[in-house]
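Student: Please find the sequence and the predicted model below.
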Amino acid sequence: MVSISREQGLAILTGAQDRLDQALRQGPQHYEEALDRLPKGVAVHELDERGTIRRVNREELRVLGYAEEQLVGQPPWKFIVMSEVSQRAIGQKLSGAKELKPFVRTFRHASGAAMTMLLVDRHQVDPQGRITGLRTAFMEVALDVPA
């Protein structure tokens, strides 16, 4: 892991989310390409309206050490240390009851090791503006690195 501060991580993740939003407006092919061209270390997954992982980028597989079939179809809280807190927060975000702000969670690597991650969420919405899912970009950060 490269030691970066929370502020540096936030800039990288917000930029990645902005690039994905732009690519999505350009069409599905642009979006797929953008998912795999994010900076090294930037993992992304998408959740459906039930909070189930429906898509992951290759970098998430590399960072967390899981195979795609181990993640897709599962709830993300299955891979997070404080799973009950995560499950509640995801439900609130998908319902629109909780504001989307950057936050930190500890993920469980496939090896069992704990990994501190900075996360930035974006709602996915249908043409009528209803929330249909959540896209999360995240990366490992060292919380003790100065800005």
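Tutor: Thanks, I have it. Everything numeric in this text was worked out from a predicted model, so none of it was measured. Numbers count the residues shown, from 1 in each chain.

Student: and Ala11, what element?
Tutor: Using DSSP states H and E, Ala11 sits in helix 6-26.

Student: Would you mind pulling the contact partners of the lengthiest strand in the chain?
Tutor: Ordering each strand of the chain by length in residues (DSSP state E) puts strand 114-125 first. Here strand 114-125 makes contact (Cβ atoms under 8 Å, 6 or more residues apart in numbering) with 6, 9-10, 13-14, 16-17, 20-21, 43, 46, 63-64, 81, 93, 96, 100, 102-109, 131-143. Just so you know, the C-beta spots here come from the backbone N, C-alpha and C atoms, and that holds for glycine as well.

Student: Then stretch 54-72?
Tutor: By Cβ under 8 Å, 6+ apart, stretch 54-72 touches 35-36, 38, 40-48, 53, 73, 79, 107, 109-111, 115, 133, 139-140.

Student: if we can go back for a sec, tell me what the helix holding Ala11 is packed against?
Tutor: helix 28-35, strand 114-125, strand 131-140 (3 or more Cβ pairs under 8 Å, 6 or more residues apart in numbering; DSSP states H and E).

Student: The last one versus helix 6-26: what angle between them?
Tutor: Computed by axes from the mean of the first three to the mean of the last three Cα atoms, to 10 degrees, the angle separating strand 131-140 from helix 6-26 equals 140 degrees.
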